[in-house]
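**Q** Any chance you can model this:
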Amino acid sequence: LFGLAAIYSPSIIFIDELDSMLTARSSTENEAARRVKTEFLVQLDGVGSSSGRVLVMGATNRPFDLDEAALRRFTKRIYIGLPELDAREALIKKMIASVAHKLTLADMLTVAQKTEGYSSADLSCLVKEAAMQPLREQTPDNILRMTTDQLRPVTKTDFLKSMQAVPPSVSRATVEQ
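**A** Model (predicted):
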């Protein structure tokens, strides 16, 4: 990967869930995992010292689990917190736009206010769950004969009900940490 990035530079290597590869080293991990981490760190050093234009970016929800040597090699760190009220409201508006609904702007604001602590992924799951509520009210026979435009529109009540099935996935303790 690093060799190809150098050949095709300028390029960007983006690694999502970086913590899955670069957790802190320990005496209990197996030799293969240790070698992968070591090679990755060597390649990161090579990118930093080469004259090629390769940018390595990583994302993690668990930066405190990363190996210290890896953290040193990622010199710039940007914390992106959970979405604020305005962002949650905008996300809900955008995600519900393709679904038949009866939510007013005030309803969307209410839902956004009640979703404090939700991540963008949590909001996506919540919208999908709310959109399924009208379908769940139907009998199997009705479902086979219906078209999507025959389902009732999604309401604020569907969202409030769905919040019980889709709680926030990030705990307060994790956010504080």
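**Q** Please, which helix or strand holds the residue most central in space within the chain?
**A** Relative to the mean C-alpha position of the chain, the nearest C-alpha, by CA atoms, centre = their mean, is the one of Ala121, at 4.9 Å. Element membership for Ala121, per DSSP states H and E: helix 120-136.
**Q** how far away is the residue nearest to the centre of the chain from Pro83?
**A** When CB to CB, to the nearest Å is applied, the distance between Ala121 and Pro83 equals 11 Å. In this view, the C-beta of every residue, glycine as well, is placed from N, C-alpha and C.
**Q** now swap in Glu137 and tell me
**A** Using CB to CB, one gets 30 Å for the distance from Glu137 to Pro83.
**Q** Looking at those two, which has the bigger crowd around it?
**A** Between Glu137 and Pro83, counted using other CB atoms under 10 Å, the more crowded position is Pro83 (20 against 11).
**Q** Give me the neighbour count for Val56.
**A** Val56 is flanked by 20 other residues according to other CB under 10 Å.
**Q** What's the first helix or strand after the host helix or strand of it?
**A** With elements taken from DSSP H and E, the one containing Val56 is strand 54-58. For strand 54-58, the following helix or strand on the C-terminal side (DSSP H and E) is helix 68-73.
**Q** Next, the buried residues of that next one.
**A** With burial defined by 16 or more other CB atoms under 10 Å, the residues of helix 68-73 counted as buried are 69-70, 73.
**Q** One more: stretch 55-71?
**A** Neighbour counts over stretch 55-71 (16+ other CB under 10 Å) mark 56, 58, 60, 66-67, 69-70 as buried.
**Q** Now do the phi/psi pair for Ile80.
**A** Here the main-chain torsion angles of Ile80 (degrees, to the nearest 10) amount to phi -120, psi 110.
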